[in-house]
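here are the coordinates; sequence isn't available:
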């Protein structure tokens, strides 16, 4: 005799629901061509499931049987990759320009930049507030990492610095930065003595922070790297390291015979590949990276040919920020015909060092110097221009993309959270119409951005630009 078990209908329905009920996510991208930033491999027809700003699943389209989301993105025929990082920006110009600086934040997203590194200025208190508000989702903008005010000497030329001239003052300044909970520390040399500069670098490293900065021309680039500097801001210092007479130049700057500006033409005439490669390998061994910021040099070098007065982007900048551009323009306009020729040649020689730096194994980090003071280096747009320079002067598209997606997280110790579109990573994502591995300019074929659990389609990105334009027109 067979025993027939009859289950209540409620239990049967509950069991069916367990099988068919989908997990709730926030965003699902479907049919995507996903780019692996380490290898350049593209995996087609991928789905990416996002919840609470994190990638929780990735695979084929069968994931739609397991997950549902209110925001479904069809990325058919499109290319999906991590968001871009601009690792050298500035927010500044004084308290009267706080609002104008704040209005720049959505513009970074509008150009696919999902993370920026603030490399010091005079609005640190505001920047720290924005950092937290963006992380909490109450302010639209890219993730911000900031140095707070940078270390400098007494009577520095830069606004907002922590000025020190003794070891005690230096230690107190670093204490203050620790209390501010900065993400890294920046140091520059307009008024800081070489001795105190080296002491500060060593002290910062002792406390466990990453440190980047300018380098005193009275010191060799390798000596500063050996002291612990983690990143060199600006490619000009790599030009100095490539000169076969760097030691002589440093001595003459130290004695006052040469200045920074008078040394540059001499350095440019003494570039030697064997010298450069030897020193660059020292930097690579020490894990000292470089942030080239070449776009600013290009703009200044050729400002006699393009004064940028017809640039569409000027409509996105407040009048106060635009006014800060003038000092560099005025300075460039005073150059003689010979100096104009020299600055163009120097830019080309500097940019041509990129493949040597890459071959030596030095990490190249994409950054622009965008923000106040730095003429026509536009927030958001300038990163794409910087990447174009990298490509024009010898880096492959993959190497160029890695500078804007892998090198930044590596410097900040964030590779576990970023650098790829794998399960567990932060869902900072850009969607492109065309393959950037074929042509780096395709980073500008932006179709969508995901940042802080929000999806901005192309129309929404254009609206961010429109809001900036409306703000400026209302001033």
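Everything's here; your move. Worth saying up front: this structure is predicted, and the values here are computed from it rather than measured.

now the helices for the stretch 51-200 of the chain?
With DSSP state H, counting those that start in this stretch as the criterion, the stretch 51-200 of the chain has helices at 98-102, 105-110, 124-136, 167-180, 194-206.

of all those helices, which one is nearest residue 51?
helix 124-136 (17.1 Å; C-beta to C-beta). C-beta here means a position set from N, CA and C on the backbone, and glycine is covered the same way.

and the closest one, what does it pack onto?
In terms of contacts (3 or more C-beta pairs under 8 Å, 6 or more residues apart in numbering; DSSP states H and E), helix 124-136 is packed against helix 98-102, strand 143-146.

which of the ones you listed is buried the deepest?
Among the helices and strands packed on helix 124-136, strand 143-146 has the highest mean neighbour count (mean count of other C-beta atoms under 10 Å), at a mean of 24.

coming back round to it: can you tell me which of the helices of the stretch 51-200 of the chain is nearest to residue 223?
Per C-beta to C-beta, nearest to residue 223 of these: helix 194-206, 7.8 Å.

the closest one to helix 167-180, inter-axis angle?
40 degrees (axes from the mean of the first three to the mean of the last three C-alpha atoms, to 10 degrees).

which residues touch helix 194-206?
Counting contacts by C-beta atoms under 8 Å, 6 or more residues apart in numbering, the residues outside helix 194-206 that touch it are 151, 153, 164-167, 170-171, 174, 185, 187, 189, 192, 211, 216, 218-219, 223-224, 227-229, 254.

how does it look with 6 Å?
Applying C-beta atoms under 6 Å, 6 or more residues apart in numbering, the contact partners of helix 194-206 are 151, 170, 185, 187, 211, 216, 218, 219, 227, 228, 229.

the helix or strand just after it pairs with which strands, and in what direction?
The helix or strand immediately downstream of helix 194-206 is strand 211-213, counting by DSSP states H and E. Looking at strand 211-213 with DSSP bridges, its paired strands and their directions are strand 185-187 (parallel), strand 231-233 (parallel).

on that earlier part again, distance to residue 240 and mean pLDDT added to the helices and strands packed on helix 124-136, as a markdown table?
Shown next, in a markdown table, are the helices and strands packed on helix 124-136 (distance: least, C-beta to C-beta, whole Å; pLDDT from 0 to 100):
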| stretch | distance to residue 240 | mean pLDDT |
| --- | --- | --- |
| helix 98-102 | 32 | 98 |
| strand 143-146 | 27 | 98 |
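
residue 363: which of those is closest?
Of these, the one closest to residue 363 (C-beta to C-beta) turns out to be strand 143-146, at 16.3 Å.

and that closest one, what does it pack against?
Based on contacts counted as 3 or more C-beta pairs under 6 Å, 6 or more residues apart in numbering; DSSP states H and E, the elements that strand 143-146 packs against are strand 113-118.

if we go to 7 Å?
Using 3 or more C-beta pairs under 7 Å, 6 or more residues apart in numbering; DSSP states H and E as the contact test, the elements touching strand 143-146 are strand 113-118, helix 124-136.

can you give me the end-to-end distance of stretch 435-451?
21 Å (C-alpha to C-alpha, to the nearest Å).
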